[in-house]
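Colleague: Pasting a predicted model and its sequence here:
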Amino acid sequence: MRLWVCIALLSTVLCASADRPRIFQGAVRAGQFARDAVRGSWDMYRAYRDMREANYKGADKYFHARGNYDAARRGPGGAWAARVIRCPFLFPHSDARETWQGRVSGRGAEDTRLDQEANAWGRNGGDPNRYRPKGLPKKY
């Protein structure tokens, strides 16, 4: 019985290390992309949650950059998620968001432009600490 178990395990190891068909390799890459996208989305959400928890004036650019940086480091899927989400706020860069910031919140187009600059900085691998305000707790 032990001999058959050993043969089965050896066969599994040999099959696992053999060249796989392209369709299988494509499925594996697609799975990795999806996993990276989910984890990148989680990174973006975590930065948003930390920003809300910190409630620190002037720290939003830092959290934009940090969320995008963390997501993009996950790989192609994470970088895709950072591009699609575009900011740690739960809705994408759109006319509705610009209207909200420009008219309702009073922050305006300049703040939107600076947010997008911080997003791009983080997505392209720039250090998020460039936007870190003095006095922000080390927890973040």
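Modeller: In hand now; what should we look at? Residues are numbered from 1 along each chain as shown.
Colleague: From the chain's centroid, how far away is the helix or strand that residue 35 is a member of?
Modeller: Using DSSP states H and E, residue 35 sits within helix 22-54. How far helix 22-54 lies from its chain's middle: 6 Å, per C-alpha atoms, centre = their mean, to the nearest Å.
Colleague: now for that helix, which elements pack on it?
Modeller: With contacts taken as 3 or more C-beta pairs under 8 Å, 6 or more residues apart in numbering; DSSP states H and E, helix 22-54 sits against helix 60-72, helix 76-85. Backbone N, C-alpha and C define where each C-beta goes, glycine included.
Colleague: That one: which residues count as buried?
Modeller: Neighbour-count burial for helix 22-54, counted by 16 or more other C-beta atoms under 10 Å, picks out 33, 36-37, 39-44, 46-48, 50-51, 54.
Colleague: swap in stretch 118-125?
Modeller: For stretch 118-125, by 16+ other C-beta under 10 Å, it's 118-123.
Colleague: For residue 56, give its distance to residue 139.
Modeller: Going from residue 56 to residue 139 by C-beta to C-beta, to the nearest Å gives 11 Å.
Colleague: Might you report the residue contacts of the residue nearest the centre of the chain?
Modeller: Centroid-nearest residue in the chain: residue 71, 2.1 Å away (criterion: C-alpha atoms, centre = their mean). Going by C-beta atoms under 8 Å, 6 or more residues apart in numbering, residue 71 touches 39-41, 43-44, 78-79, 81-82, 85, 123.
Colleague: can I get those residues in JSON lines with pLDDT?
Modeller: Conversion of these to JSON lines gives the following (pLDDT from 0 to 100):
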{"residue": "39", "pLDDT": "96"}
{"residue": "40", "pLDDT": "95"}
{"residue": "41", "pLDDT": "94"}
{"residue": "43", "pLDDT": "95"}
{"residue": "44", "pLDDT": "92"}
{"residue": "78", "pLDDT": "94"}
{"residue": "79", "pLDDT": "93"}
{"residue": "81", "pLDDT": "91"}
{"residue": "82", "pLDDT": "89"}
{"residue": "85", "pLDDT": "80"}
{"residue": "123", "pLDDT": "94"}
